[in-house]
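# From the sequence below, what's the structure:
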Amino acid sequence: MDVEPFALERWFARFEHDADIMLAESGIRSLDAARFDRDPGELGYVIPTNGDPAFRETIGDRYDRPADEVLFTCGAQEANLLAFLALVGRGDHAVVVTPTYQSLVSLPAAFGEVTTVDLTPPEWDLDVEAVKEAIRPETGVVVLNNPNNPTGKYLDESTVEAVYDVAADAGAYLLCDEVYRLLAEAPLPPVASLGEFGVSTSSVTKSYGLAGLRFGWLAGPREVVDAAWNWKDYTTISPSQFGQHLARQAIESENDILAVNRELAAENRAITREWVERHDLSWFDPVGVNGFVTVPEGFDSGESFCRHVVEETGVVLAPGEAFGHPDRFRIGFGLATDELEAGLARVDALLARHG
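Numbering: from 1, shown residues only. Here you go, the predicted model:
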């Protein structure tokens, strides 16, 4: 089994440590641990290893599923890995809507075959018929990321339901990575609540600002969750005791946390939108905290532009090549507003020098 190098993570590994401002971060700014009770007691394994049953029941309620149809994981990244091991680990075929977070393409490609269906710019619309045509008899899963990373496109309810129907009609599961769902002002029903073929992954990383907890979950049909749990015995065994302890508190106070985070995202989106327009660039006005912006004139590609930015200003942006679009770059605007403004000002100065 071969897996493609994770282009975005390699880019971060190269530049992030020595940079001053991270304008490529894909989540909301991090919360301080001081706001939580930080004593989980004895730091043993979480028992049972799929997560605390009462907490799984709390998470399951939002998907109209019982506790046994929820598995706690080390972030959404592990949830997606386990889902793919369960659904395409036998060499099956997957249909993946792109552009998307690379692991949602590269992981199923490592285990089986992948057919991609592209969102159509500039609105990043999805042709449901194209998804239907891509499905084969051996297709095990159709994959969405909604709201989408990197474009910020939030496919509407009717489109998601239509994709679910074409997947279910073919006996395939619809897996949706929904880590940005709760940053939307009006979140759609999660895919795991749509029926027996719906699978959702999420975490407290992107919407809550708790990336360091490495706490996420998988919700879906019992047979998928059980198969994923079987694989988890060989990965992290149990979720983090500390992560579960703090994540439970975050969920209990999520209305307050999400209200503040949505307000921050809206304010920063407006600032970034003005910056994009001022430089005659274009993007699709995003849901979440990521924008996929056209490369300014005078630069050969997204990677060329982002390299100039980080080497000359100490600001990290994400090249569009990491998402299959060398004519764009991803900007993350979920950080603190003053830091966002400082980073944009540095890029302003670079564009003035290169203009």
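# The spatially closest residue to T98 that is not a sequence neighbour and T337: what is the separation?
Nearest residue to T98, sequence neighbours excluded (Cβ to Cβ, 6 or more residues apart in numbering): T116, at 4.6 Å. C-beta: built from backbone N, CA, C; applies to glycine. T116 is 36 Å from T337, where distance means Cβ to Cβ, to the nearest Å.
# gap between the residue nearest to T98 and Y180?
T116 is 20 Å from Y180, by Cβ to Cβ.
# okay, the two: which has more neighbours?
Y180 (29 against 16; other Cβ atoms under 10 Å).
# The more buried one reaches T205, doesn't it?
No. In this structure, Y180 is not within contact of T205 by Cβ atoms under 8 Å, at 10.0 Å.
# centre of the chain versus stretch 31-49, how much separation?
Taking Cα atoms, centre = their mean, to the nearest Å, one finds stretch 31-49 lying 24 Å from the centre of the chain it belongs to.
# So what touches it?
Residues outside stretch 31-49 that contact it (Cβ atoms under 8 Å, 6 or more residues apart in numbering) are 52, 72, 208-210, 212, 229, 232-233, 237-242, 244-246, 249-250, 257.
# Which stretches in the stretch 1-150 of the chain count as helices?
For the stretch 1-150 of the chain, the helices defined by DSSP state H, counting those that start in this stretch cover 7-15, 53-61, 75-88, 103-111, 128-134.
# Return the set of buried residues in the shortest one.
Just to be clear, that refers to helix 128-134. Residues V128, V131, K132, A134 are the ones in helix 128-134 that count as buried (16 or more other Cβ atoms under 10 Å).
# measure the last one to T151 for me?
The reference is to A134. Taking Cβ to Cβ as the measure, A134 falls 19 Å from T151.
# starting at the chain centroid, how far to the longest helix belonging to the chain?
Using DSSP state H, we find that the single longest helix of the chain is helix 254-278. With Cα atoms, centre = their mean as the basis, helix 254-278 stands 17 Å off its chain's centre.
# Quick one: mean pLDDT over it.
The average pLDDT within helix 254-278 is 98.
# what's the answer for stretch 284-303, then?
Average pLDDT, stretch 284-303: 97.
# for that stretch, how far is the first residue from the last?
20 Å (Cα to Cα, to the nearest Å).
# just stretch 109-127 next, same as before
Start-to-end, stretch 109-127 (Cα to Cα) is 22 Å.
# buried residues in that stretch?
The neighbour-count check on stretch 109-127 (16+ other Cβ under 10 Å) flags A109, A110, F111, G112, V114, T115, T116, V117, L119, P121, W124, L126 as buried.
# and the lowest-mean-pLDDT helix or strand in the chain, C-alpha only, in PDB?
Lowest by mean pLDDT, DSSP states H and E among the helices and strands of the chain is helix 7-15, with a mean of 92. Provided in PDB are the C-alpha atoms of helix 7-15 (Å, rounded to 0.1, in the frame of the first residue of the first chain):
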ATOM      1  CA  ALA A   7       1.400  18.200   0.100                       C
ATOM      2  CA  LEU A   8      -0.100  20.800   2.400                       C
ATOM      3  CA  GLU A   9       1.400  19.300   5.600                       C
ATOM      4  CA  ARG A  10       4.800  19.100   3.800                       C
ATOM      5  CA  TRP A  11       4.500  22.800   2.900                       C
ATOM      6  CA  PHE A  12       3.600  23.600   6.500                       C
ATOM      7  CA  ALA A  13       6.500  21.500   7.800                       C
ATOM      8  CA  ARG A  14       8.900  23.500   5.600                       C
ATOM      9  CA  PHE A  15       7.700  27.000   6.500                       C
END
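# which strands and helices sit next to that helix?
Counting by 3 or more Cβ pairs under 8 Å, 6 or more residues apart in numbering; DSSP states H and E, the packing neighbours recorded for helix 7-15 are strand 318-319.
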